[in-house]
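J.: sharing a model that was predicted from the sequence below.
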There are 2 protein chains.
Amino acid sequence: MIKKEKIPKVTIHRMAVYLQVLEDLDREGEDVISSSKLAELCGVNPSQIRKDLAYFGEFGVRGVGYFIKDLIGSIKHFLGLDHVWNCAIVGIGNLGRAILRHKGLPYKGFRIVGAFDCDPFKIGEKVGELEIICTRRLKEKAKELKIEIAIITTPPERAQRAANHIVEAGIKAIVNFAPARISVPEDVIVDYVDFSTHLIYLSFNLARTKGKNI
Amino acid sequence: MIKKEKIPKVTIHRMAVYLQVLEDLDREGEDVISSSKLAELCGVNPSQIRKDLAYFGEFGVRGVGYFIKDLIGSIKHFLGLDHVWNCAIVGIGNLGRAILRHKGLPYKGFRIVGAFDCDPFKIGEKVGELEIICTRRLKEKAKELKIEIAIITTPPERAQRAANHIVEAGIKAIVNFAPARISVPEDVIVDYVDFSTHLIYLSFNLARTKGKNI
DNA sequence: GACTGTGAAACAATTCACAGCG
DNA sequence: CGCTGTGAATTGTTTCACAGTC
């Protein structure tokens, strides 16, 4: 089912976009879509979509297009979203709380089952359903709660320490929101999300077009 | 000063990473760094750094490396960060509030000067220094507050409407946190930040390595 | 001697163009 | 006929390797 070829990271990111758009179409009651229509909605080239999907198999019908419900199912399957992933948040500041309160995640297949922080004043406090636990207890709790993904939302200077606890606990996947690089063994996957990086991209473009006096 | 060649988007994103790491080094009192040391800290190849920098000019000293303070200044300059950008947040939910309360942004050159929402129950409420204003007043306020960048943090179904108000107001740059595609005229730059996309990337990799029974 | 800056080589991703199929 | 799936062509990015400079 899953081809051996190496799949580019951008393909996976686009896949997530296709899924989002397909689920919207499904809710609107659409049944079938062609690669060109979907491409338009996603802002990409139609053959890009066909190539991306081809990494995983053949899902379309020639002359017709793709059946939306089926395609959603297939994409979810090969992205590993037909399974609920247990996640922990490490660092309960503003961002950590916003993620904990976010309603959309469980629906997408990610359940937050643990909230960790090293600040003794926060430990024991309740955020929604969860009680904040000391980060030093991450290892013990990771087993109990079957945590598979950790989300770092600490200040940058504490990101590496958080990462160490996460690695210690045997968790193999990290999303790091802290604006700091972290180093981990190479069997641990890290994905960085840095908000200011995106603002900087806009800053660069605005500064450029201003210079060109458009 | 600025070369004409088209600069890849990934280069700009890496640039932001280099800046982050260089500022850390500067705080630690380092003066000079070579491309290979910096590469190691950023997790990239040394010639990548040299190529990236070469898009903008020559900043290094052969046989020595880069003077950290100077390089920080140069990078900030060509990324447009020697200017403070006025930003507006549209959609004051959990994430919007977390960004409003975030202390790091002003230091990085982004000041949030307006908070907008269309919920009449929220209008007038104070979040930190700012009072929530009706999104319909965005156009009028954009001029007054000299807003250059808009940040969408609405629920997905309201993202397009928010984008329309933003475009109406003459703002040319948008960061969209809502998990929905938006369509805008082509002179408006949009950058998408979708948290769940990153979780999905991890999901895919975990599902894969599980399959490989490593 | 050490390290940058950069053409050239290697590699990767995207788009084209069309054969093949419903 | 319309649309997918895909090899081939194109375009873009990364890495190499070394000449040039401090």
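T.: All right, it came through fine. Numbering: from 1, shown residues only, chains lettered A, B, ... in the order given.
J.: just to check, residue A:33 is in contact with residue A:65?
T.: Yes: using C-beta atoms under 8 Å, residue A:33 is in contact with residue A:65, at 5.4 Å. From N, CA and C alone the C-beta is placed, and that goes for glycine too.
J.: report the contact partners of the residue lying closest to residue A:180 once chain neighbours are set aside.
T.: Nearest in space to residue A:180, with sequence neighbours left out and distances taken as C-beta to C-beta, 6 or more residues apart in numbering or on different chains, is residue A:156 at 3.7 Å. Contacts for residue A:156 (C-beta atoms under 8 Å, 6 or more residues apart in numbering or on different chains) come out as A:178, A:179, A:180.
J.: orientation of the helix or strand encompassing residue A:22 relative to helix B:9-27 in degrees?
T.: Here residue A:22 sits within helix A:9-27, counting by DSSP states H and E. Counting by axes from the mean of the first three to the mean of the last three C-alpha atoms, to 10 degrees, helix A:9-27 lies at 120 degrees to helix B:9-27.
J.: what residues sit buried inside helix A:9-27?
T.: Of all the residues in helix A:9-27, those buried under the rule 16 or more other C-beta atoms under 10 Å in any protein chain shown are A:11-25.
J.: now do stretch A:59-68
T.: Neighbour counts over stretch A:59-68 (16+ other C-beta under 10 Å) mark A:60, A:65, A:66, A:67, A:68 as buried.
J.: assign residue A:199 to helix, strand or coil.
T.: Three-state assignment for residue A:199 (DSSP: H, G, I helix; E, B strand; the rest coil): helix.
J.: is it true that it touches residue B:149?
T.: Yes: when contacts are counted by C-beta under 8 Å, residue A:199 is listed as touching residue B:149 (6.7 Å).
J.: where's the residue nearest the centre of chain A, which helix or strand?
T.: When C-alpha atoms, centre = their mean is applied to chain A, the residue found nearest the centroid is residue A:175 (7.6 Å). In the assignment (DSSP H and E), residue A:175 maps to strand A:173-176.
J.: isn't residue A:12 up against residue A:79?
T.: Yes: counting by C-beta under 8 Å, a contact exists between residue A:12 and residue A:79, whose distance comes to 7.3 Å.
J.: can you list residues touching both of these two?
T.: Jointly contacting residue A:12 and residue A:79 under the rule C-beta under 8 Å, 6+ apart are B:200, B:204.
J.: any bit of stretch A:193-211 sitting next to chain B?
T.: Yes: counting by C-beta under 8 Å from any C-beta of the partner chain, chain B has neighbours in stretch A:193-211: A:193-209, A:211.
J.: show me what that stretch is in contact with.
T.: Residues contacting stretch A:193-211 (C-beta under 8 Å, 6+ apart): A:175-177, A:179, B:2, B:9, B:12-13, B:15-17, B:19-20, B:78-81, B:83, B:85, B:87, B:99, B:104-105, B:108-110, B:148-149, B:172-175, B:189, B:191, B:193, B:195, B:198.
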